[in-house]
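Undergrad: A predicted structure for the sequence below; I have some questions about it.
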Amino acid sequence: MKGLYKDFPERPSGGRVYQRPNEVKVCKSCGAPLGRNYKSCLECYNTIEDLWILDWKELIEKECILSGSNDEKILAEVIIEEIDKHSWTIVDSAMKMVKCKTCGNELGGGPLDCPECSFAFGNLWGYDVEAMNQGKMTGNEHSLRVGRWVIRYPHRQKEKVVESWKFSMPILITGKMATTQMGQFFRKVIDEANFNLSNKVYQSFEEAYIDVKNNTK
Ligand SMILES: [Zn+2]
Ligand SMILES: [Zn+2]
């Protein structure tokens, strides 16, 4: 029993400090649905990234560590060594701070052929499986995590995949989810490029789905 427990440590939840936007808004800076242009627009970036940053701030305050200090870097390195003990938002935040020893980029975010980044990236997802099984992570939170990894390091993905996540993030951050079927539908729409999903602000995946259905043959 004790051994079993050791194999499945309880996964802490993450991303719950941030007060999420309750509707999809138009970004005042770039004019797109807020959160879509994570890479190129600070307003969009903050809307997504704050979900991670607020958890990190809470942690360093608890540890009496100053933001930007050397202690913060050391803490990030410690966390990378014990990822099973921390929430997904804390681990992702630490990965952003720790540089890969092989390629020098944010750990997990280097070029696709960097073995150290691939290894670190691959190690992240056991948490999600366990945490979802334990009811500590929602499907929406898992999607946000995957989506942020895609849009933060778009060079690691196919262009259409990045486009698809950029479309989803503003809706996901409000807490809504697409069904698997709907996800496949949007991927097809983006692959075939027969409808411009970036023109309008959709509050939900259902709304976007109906719009595409009504306006394509
Ligand atoms: Zn923006
Ligand atoms: Zn690397």
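TA: Happy to help now that I have it. Ligands and ions are numbered 1, 2, ... in the order given.
Undergrad: which bits of this structure sit near ligand 1?
TA: Neighbours of ligand 1 within the chain, by Cβ under 5 Å from the ion: 27, 29-30, 37, 41, 43-44. Just so you know, the C-beta spots here come from the backbone N, C-alpha and C atoms, and that holds for glycine as well.
Undergrad: quick one: the helices in the protein?
TA: In the chain, the helices defined using DSSP state H lie at 2-7, 42-62, 70-81, 88-97, 115-122, 125-133, 139-152, 159-172, 180-192, 205-215.
Undergrad: Same list (those helices) but as TSV, adding mean pLDDT, distance to Pro21 and mean neighbour count.
TA: Shown next, in TSV, are those (pLDDT from 0 to 100; distance: least, Cβ to Cβ, whole Å; neighbours: other Cβ atoms under 10 Å):
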stretch	mean pLDDT	distance to Pro21	mean neighbour count
helix 2-7	50	38	7
helix 42-62	98	7	18
helix 70-81	98	28	15
helix 88-97	98	17	23
helix 115-122	97	28	16
helix 125-133	96	23	16
helix 139-152	98	13	20
helix 159-172	96	9	21
helix 180-192	92	21	14
helix 205-215	94	16	15
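Undergrad: Could you dump those helices into TSV with distance to ligand 2 added?
TA: As requested, the helices of the chain are exported to TSV (distance: least, Cβ to the ion, whole Å):
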stretch	distance to ligand 2
helix 2-7	29
helix 42-62	20
helix 70-81	13
helix 88-97	11
helix 115-122	3
helix 125-133	18
helix 139-152	14
helix 159-172	19
helix 180-192	28
helix 205-215	34
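Undergrad: could I get these as JSON lines with distance to Gly109?
TA: Output for the helices of the chain, formatted as JSON lines (distance: least, Cβ to Cβ, whole Å):
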{"stretch": "helix 2-7", "distance to Gly109": "30"}
{"stretch": "helix 42-62", "distance to Gly109": "14"}
{"stretch": "helix 70-81", "distance to Gly109": "13"}
{"stretch": "helix 88-97", "distance to Gly109": "8"}
{"stretch": "helix 115-122", "distance to Gly109": "7"}
{"stretch": "helix 125-133", "distance to Gly109": "15"}
{"stretch": "helix 139-152", "distance to Gly109": "7"}
{"stretch": "helix 159-172", "distance to Gly109": "14"}
{"stretch": "helix 180-192", "distance to Gly109": "23"}
{"stretch": "helix 205-215", "distance to Gly109": "27"}
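Undergrad: No further queries at this time; thank you.
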